[in-house]
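> pasting the sequence and the predicted model now:
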Amino acid sequence: MSELVSFKCPSCGSPLSFNAEEEKFLCDYCGGTFDFDAVKNADVNADTEFDWGDYHANVSHEELDGTVSYVCQSCGAEVVTDATTAASQCPYCGNNIVMEHNVGGLIKPNGIIPFRIDKKKLSQIVADYCKDRPLLPKNFITQKKIQEVQGLYVPFWLYNCHADGRMGFEGTRMRVWTDGRFDYTETRYYYIDCTGDMDFSRIPADGSIRMNNALMDSVEPFDFSDLQPFAKGYLSGFIADRFDDDADACLPRATDRVRTSVSRAFRSAVSQYDSITESKRNIDLQDTSVEYVLLPIYLITVKYGGEVYQYAVNGQTGKIVGELPIDKSRVTKRFLGVAAGVGAAVLALLTFVF
C-alpha cells in the first residue's frame with residue numbers, strides 16, 4: 001500500500017484543514033487556529049522541481065487506470081481511491097489525507113494557487129449568479145448542495161513560448177462622393193505584409209482527462225502573481241488530482257490559443273482598411289517550455305429534468321461559469337400572464353372606444 005501524509009492538530013490530534021479565508025490551518029474539533037508555516041510538514045525531495053523532459057525520460061509509461069489502496073494513519077482503515085487522486089478524506093474517520101507518491105518526486109508540482117474563496121463566499125457567489133433569473137427552476141442550487149461541494153485542485157499545464165509570425169492580407173479602401181449629377185465610388189486595392197513576434201507566458205490547459213475542457217477554459221483568468229511554491233499543506237481539507245493528460249497531449253490547445261492571439265494582433269494592426277481578407281499565415285513557435293501547477297476550482301453538479309448541469313467556480317477569483325436550465329412551467333405561466341395582460345388591455349381599449 002502507498003504512503004499517506006496527514007495534518008493533525010497540535011492541541012488535540014484531530015484532522016486539520018487549510019482555511020482559504022484566514023490562510024491558516026483550522027481544527028474543526030477544538031477550534032484551534034495555526035499558522036501555515038508552523039504546521040506544514042517538509043516536502044519530500046523539497047528541492048525537486050517538476051521538469052517535463054526529466055519526467056518524460058524517466059517514466060516511459062504510467063498505468064493510471066483502476067484504484068490504489070492506502071492505510072489511514074488516523075484510524076487504520078483501508079482507503080481506496082482512483083490512481084490519480086492526490087488528496088482526499090478518509091471515509092471512516094474524516095481524516096484529511098495527501099497521497100505522497102502523487103505529489104512528490106518527479107511529479108511534485110512547480111506551484112499552486114491556494115483557495116481564496118471559502119464556502120461562505122461561495123454561497124453568495126452562487127446566489128448572485130441565480131439572482132433575477134425568473135425562468136430558473138425554484139431552488140435549483142440549494143444551500144445544502146453548496147455545503148456538499150468540496151474544493152478541487154485541478155492539475156494544469158502552463159506553457160511559455162516565443163512566437164514569430166508573418167501574415168499577408170488583401171485590403172481595400174473606398175471613397176464615395178457626388179457632384180450633384182452622379183455618384184462616384186473609388187476602390188483602391190492593397191496587399192499588406194505583416195511581420196512580428198510576441199512572447200507568451202503561462203498559457204493554461206488543464207491536465208485532467210475527466211475535466212470538461214471548455215468549462216476549465218471558461219473559468220479563467222487566474223492571477224498567476226499569486227502562484228505559490230508547492231507545499232502539501234495547501235491540499236489538506238480539499239480534493240486534488242494529479243495529471244493524467246500529459247503536457248505533449250495538451251500542447252495543441254495552448255498553441256492554438258497562441259496562433260489565434262497572434263492572428264488577432266496582426267488583424268488589429270490593419271484595422272484602418274475598409275475590408276481585409278487573409279491571404280497567408282505563417283506562425284512559428286519557439287522556446288516552448290511548460291510548468292505543472294495545481295489550480296483551485298469548485299465543481300457543482302446538479303441534476304434536473306433528466307439532465308446533468310455542471311458549474312465551475314474559480315477558487316481564487318470567484319468567477320462562476322455554467323449553463324442554467326429553464327423551467328418550462330414558468331415559461332408557460334409567464335407567457336399566459338403576458339397574454340392575459342395584453343388581452344385585458346385590448347378589452348379596456350375596446351370598452352373605452354365603444
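Sure thing, it's come through.
> have a look at this protein and report its longest strand.
With secondary structure taken from DSSP state E, the chain has its longest strand at strand 275-304.
> helices or strands up against that strand?
strand 111-112, helix 143-148, strand 151-178, strand 183-206, helix 247-269, strand 307-314 (3 or more C-beta pairs under 8 Å, 6 or more residues apart in numbering; DSSP states H and E). Just so you know, the C-beta spots here come from the backbone N, C-alpha and C atoms, and that holds for glycine as well.
> give me the helices and strands touching the second one, please.
Under the contact criterion of 3+ C-beta pairs under 8 Å, 6+ apart, the helices and strands touching helix 143-148 comprise helix 119-130, strand 275-304.
> can you list the strands that the last one pairs with?
Translated: strand 275-304. In the sheet, strand 275-304 lines up against strand 111-112 (parallel), strand 151-178 (antiparallel), strand 307-314 (antiparallel) (DSSP bridges).
> residues in contact with the shortest one?
Right, strand 111-112. Here strand 111-112 makes contact (C-beta atoms under 8 Å, 6 or more residues apart in numbering) with 153, 227, 228, 229, 230, 231, 234, 291, 293, 294, 295.
> neighbour-wise, give me the winner out of the residues you listed.
Neighbour counts for the contacts of strand 111-112 were taken using other C-beta atoms under 10 Å; the highest belongs to residue 294, with 28 neighbours.
> is it true that that one touches residue 152?
No - using C-beta atoms under 8 Å, residue 294 is not in contact with residue 152, being 9.4 Å away.
> any shared contact partners between these two?
Common neighbours of residue 294 and residue 152 (C-beta under 8 Å, 6+ apart) are residue 240.
> look at residue 166 and say how many residues are nearby.
Neighbour tally, residue 166, other C-beta under 10 Å: 16.
> ok, it - contacts?
193, 194, 195, 280, 281, 282, 283.
> ok, back up a step: in a markdown table: the strands paired with strand 275-304, plus distance to residue 19 and mean pLDDT.
Formatted as a markdown table, the strands paired with strand 275-304 follow (distance: least, C-beta to C-beta, whole Å; pLDDT from 0 to 100):
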| stretch | distance to residue 19 | mean pLDDT |
| --- | --- | --- |
| strand 111-112 | 16 | 94 |
| strand 151-178 | 11 | 95 |
| strand 307-314 | 17 | 90 |
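> so which of those is nearest residue 50?
For residue 50, the closest of the strands paired with strand 275-304 is strand 111-112, at 9.2 Å, according to C-beta to C-beta.
> show me the helices in the stretch 1-150 of the chain, by range?
Secondary structure of the stretch 1-150 of the chain (DSSP state H, counting those that start in this stretch): helices located at 36-39, 52-58, 119-130, 143-148.
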